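>>> Starting from these lines, generate the structure:
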Amino acid sequence: MNDWLDQAVRRLAEATGQPPGDFALDQAAIDALLDLARVAAHDSGERTNAPLASYLVGLAHGRTPAAQLADLTREASGSGP
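Below is the predicted model:
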């Protein structure tokens, strides 16, 4: 990650009382979320859909921890199974 994201992780951890590791993003998660943002921004015709779709996937993942992030991003982008 970069400094800005590292600081965002720290602030979120402090705000929620959770360990910073709970907010860690591995490269696969980063790639999946960026791909979702790309698809949402370009295919929908509205760039603002990118952060909103990412937020919705985050909600789904938080509410269904067993779901794989990559699977959720594919479903949200319409490229799921």
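>>> Leaving aside the residues adjacent along the chain, what's closest to Q18?
L12 (7.6 Å; Cβ to Cβ, 6 or more residues apart in numbering). Any C-beta I mention is one placed from the backbone N, CA and C, and that applies to glycine too.
>>> does the one you found really touch G21, like I thought?
No. L12 lies out of contact with G21 (Cβ atoms under 8 Å); the separation is 11.7 Å.
>>> Between those two, which has more neighbouring residues?
Comparing L12 with G21 by other Cβ atoms under 10 Å, the one with more neighbours is L12, at 13 against 8.
>>> So that one: helix, strand or coil?
Following DSSP: H, G, I helix; E, B strand; the rest coil, we place L12 in the helix state.
>>> dump the residue contacts of A37.
Contacts for A37 (Cβ atoms under 8 Å, 6 or more residues apart in numbering) come out as A50, P51, A53, S54.
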